[in-house]
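S.K.: sequence? don't have it. structure:
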């Protein structure tokens, strides 16, 4: 049973330059579970039992998506609303996810300097991710720093997609093999291909 | 007067009087009664035998009880048992006792008094049920209580008929007859003016009494062969007859109707239904039981049958006509000569009787917790004497229990109290119901049974709708005219009824008046359109969902008044298209969005085409239609292939990312703000 499950969520995959590349790379990583949420639930009728079982079967849950309005694509929100039930994920007796890890792999259209108090987004990226971070905490999961590509719209032209995708491959393999250094990771607000805290890379 | 003239006379009286009475809010029963009074001089002039006509018309009561039985599943009858025996039993017992006491106080011997008590204890099933149905009060608590009592009375008639001959006292009769003869001579001059009514008053009462007794509709009194055999055999035969009705109703109806269906003739169903009701009535009479009770029992047995609504709609018109005739004969039978001769006494006794019966009913309503406006409906509704009273009265006269002179006066009281009943109902409507209306409005709507969803046509399409509705806990009434299909459905426990849903009378029987919704899923396009047209215009409160066989049918249904039209193959076609997209490698979410876009576009197109559609020319000859259809198709295709923007925008908007320019514009704005 693989330890890592990757939920990929992108409603407009025909227009995607980065995320579809990342997903392709993820498909090449053996021994992990991959879910294309929009392909599995095109009509938003999420199978709660199946999803909860998937969570129980894995130790690390990674969501890969483009940042939409400082949040997830809507299907991920629907997934959260339905799957993270009280009594299962939180609340009285809700300890089934205790000790598991949650991580995000996201792309942001704005450049890195936009996500500063001086930039046009006015806040650091992590500030926008607080709801997800707190979601993980309430579910007694550990929230790992996100793997981020800023300026994703310009990335293809600037040749930044391939290195980021390769980093993604290394990240998934590292998480799968237990070579991800969480203590070192916590030194960073966000992780990039250059700052991946991985042990013993072959 | 020959048969056709007589029929015409009654029909024209009813046709004129009943709508007028309804218009003035008097109800159909009073209308018929007034019509009867109006034609009574003519009937008298032509020497029409109103009494025998009345006996013929009493068969309407038999039919009515059959229909009542059809509405009453055995389960419901069982639930009614406390009220049926308790409320009904006490009403009959108490009323008999009190009336008997009053009669004895008037100085009558106890035998006559008891007979009068029994006669007056009964109420009029015909008037009360007809009025309650007309006002839609049958399912109300007061209506249910009234029905329990009426049903008990119908049953109680049988032991009463056994009891009355035991009260016979020929010596007493002779004394009364002598006294009556003197009176008759004294008043002969007045009474000849009163036409046939005089026959009652002047010593011929015994003769009419025999006519009543010969009649087989209610009274098991005829000199039947049944009385010539020993008691235990009689009991056995009676039980066998009841068993025959129950077993026959349960097991023979379906094969018989399936056999009839082979002929594919509407009138054969009517003939079969009549044959059944009359046959049961005859059987019951033969074994000395009440035919009304027998047909009621048969109705209950058939209440769960798929032919229930078919039977209802077949019998209903006959019941209506016969009851109408019955009410008219009651009106025509009022002996105004005798009435005006003793106006004070008769009127006083009638009002006294009504007050006494209503008082007892009111008291009982407290014990049996019939509250609010229902209490008054119950008390006022059952306060009259009834048509069974006529029967018992003539039977008593024939058996030398009640002398003719008294019987004639009693007959008047029974008829007058029946005549006053519609007035009491009006009083209830105008004076009592409004006072309780406010309190009732706050009660939750619990008459869901009365607001069913009718599914017309239970084929592959209607069947899905029905399964969904039943699954979600809604109540449906399914009508279909395919017996094989029905048998299959019955096997799986669905509640379905046989019948052609395009017939208004069957829709009526299925409860279209109180229905929330009708789902029109008939296979035949024209029938479906016709049905939609009928329902949309006659019952505008009913929401119509109709299945369209194709595009043209959509336009026709729209024109017929339906606004919720579902094309039968459209959704499955769209799903197949979506599956094709997915199989061709399209992302499932894109396939979903694209097919939704197609559905929207297609519905827009069909709305536009509906504007140029004309029912009088075939579409391929309708140039405007053809031109617009071609245009629309080209548009849709261009959109779906990404050549046009409107369609693609609707599908892709939101998912296509912002451009680099968008990001630069934001950055520039931020710098300006900072600067």
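M.R.: Perfect, I can see it now. Everything numeric in this text was worked out from a predicted model, so none of it was measured.

S.K.: how about the residues of chain A by chain B?
M.R.: A:11-16, A:38-40, A:42-43, A:66, A:109-111, A:114, A:118-120, A:151, A:153-154 (CB under 8 Å from any CB of the partner chain). Placement of C-beta: from N, CA and C, glycine included.

S.K.: can I assume residue A:43 sits in a helix?
M.R.: No. For residue A:43, which was evaluated using DSSP: H, G, I helix; E, B strand; the rest coil, the result is coil, with no helix membership.

S.K.: contacts only, for the closest residue to it other than its chain neighbours.
M.R.: Leaving aside its sequence neighbours, residue A:43 sits nearest to residue B:592 (CB to CB, 6 or more residues apart in numbering or on different chains; 6.1 Å). Counting by CB atoms under 8 Å, 6 or more residues apart in numbering or on different chains, residue B:592 touches A:42-43, B:578.

S.K.: so among those residues, which ones count as buried?
M.R.: Using 16 or more other CB atoms under 10 Å in any protein chain shown as the burial test, the contacts of residue B:592 include A:42, B:578 as buried.

S.K.: format the contacts of residue B:592 as CSV; extra columns: pLDDT and distance to residue B:658.
M.R.: Converted to CSV, the contacts of residue B:592 look like this (pLDDT from 0 to 100; distance: CB to CB, whole Å):
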residue, pLDDT, distance to residue B:658
A:42, 93, 24
A:43, 92, 27
B:578, 94, 29
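
S.K.: let's have the contacts of residue B:592 in a markdown table, adding distance to residue A:147.
M.R.: Below are the contacts of residue B:592 laid out as a markdown table (distance: CB to CB, whole Å):
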| residue | distance to residue A:147 |
| --- | --- |
| A:42 | 26 |
| A:43 | 30 |
| B:578 | 34 |
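
S.K.: rewinding a little: just to be sure, which of the residues of chain A next to chain B are found in helices?
M.R.: A:38-40 (DSSP state H).

S.K.: quick check on these: which are buried?
M.R.: Using 16+ other CB under 10 Å, the buried ones in those are A:38-40.

S.K.: and the helices in the stretch 301-450 of chain B?
M.R.: B:308-332, B:336-341, B:343-367, B:372-381, B:387-398, B:404-427, B:433-441 (DSSP state H, counting those that start in this stretch).

S.K.: give me whichever of those is most buried.
M.R.: Greatest average neighbour count among the helices of the stretch 301-450 of chain B goes to helix B:387-398 (a mean of 28), per mean count of other CB atoms under 10 Å in any protein chain shown.

S.K.: surely residue A:189 is within a helix?
M.R.: No. Counting by three-state DSSP, one finds residue A:189 to be coil, located in no helix.

S.K.: around it, how many other residues sit close by?
M.R.: Around residue A:189 there are 14 other residues, counting by other CB atoms under 10 Å in any protein chain shown.

S.K.: in terms of helices and strands, where is the closest residue to it other than its chain neighbours?
M.R.: Distances taken as CB to CB, 6+ apart put residue A:126 closest to residue A:189, at 5.3 Å, once the chain neighbours are dropped. With elements taken from DSSP states H and E, the one containing residue A:126 is helix A:125-128.

S.K.: helix or strand right after that helix?
M.R.: Counting by DSSP H and E, what follows helix A:125-128 is helix A:130-138.

S.K.: which strands and helices sit next to that next one?
M.R.: strand A:101-107, strand A:142-143 (3 or more CB pairs under 8 Å, 6 or more residues apart in numbering or on different chains; DSSP states H and E).

S.K.: which residues are contacting the last one?
M.R.: If you take CB under 8 Å, 6+ apart as the criterion, strand A:142-143 is touched by A:99-103, A:132-133, A:136-137, A:182.

S.K.: for stretch B:618-627, give the mean pLDDT please.
M.R.: For stretch B:618-627, mean pLDDT is 82.

S.K.: can you give me the buried ones in that stretch?
M.R.: Buried, per 16+ other CB under 10 Å, within stretch B:618-627: B:622, B:625.

S.K.: in which helix or strand would I find the closest residue to chain A within the stretch 1-150 of chain B?
M.R.: Per CB to the nearest CB, residue B:75 is where the stretch 1-150 of chain B lies closest to chain A, at 38.6 Å. Here residue B:75, judged by DSSP H and E, is contained in helix B:74-79.

S.K.: contacts for that helix next, please.
M.R.: Under CB under 8 Å, 6+ apart, the answer for helix B:74-79 is B:84, B:300-301, B:303-304.

S.K.: now render the helices of the stretch 301-450 of chain B as JSON lines, adding mean pLDDT and distance to chain A.
M.R.: Output for the helices of the stretch 301-450 of chain B, formatted as JSON lines (pLDDT from 0 to 100; distance: least, CB to the nearest CB, whole Å):
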{"stretch": "helix B:308-332", "mean pLDDT": "85", "distance to chain A": "39"}
{"stretch": "helix B:336-341", "mean pLDDT": "84", "distance to chain A": "77"}
{"stretch": "helix B:343-367", "mean pLDDT": "90", "distance to chain A": "52"}
{"stretch": "helix B:372-381", "mean pLDDT": "86", "distance to chain A": "45"}
{"stretch": "helix B:387-398", "mean pLDDT": "79", "distance to chain A": "63"}
{"stretch": "helix B:404-427", "mean pLDDT": "85", "distance to chain A": "55"}
{"stretch": "helix B:433-441", "mean pLDDT": "63", "distance to chain A": "39"}
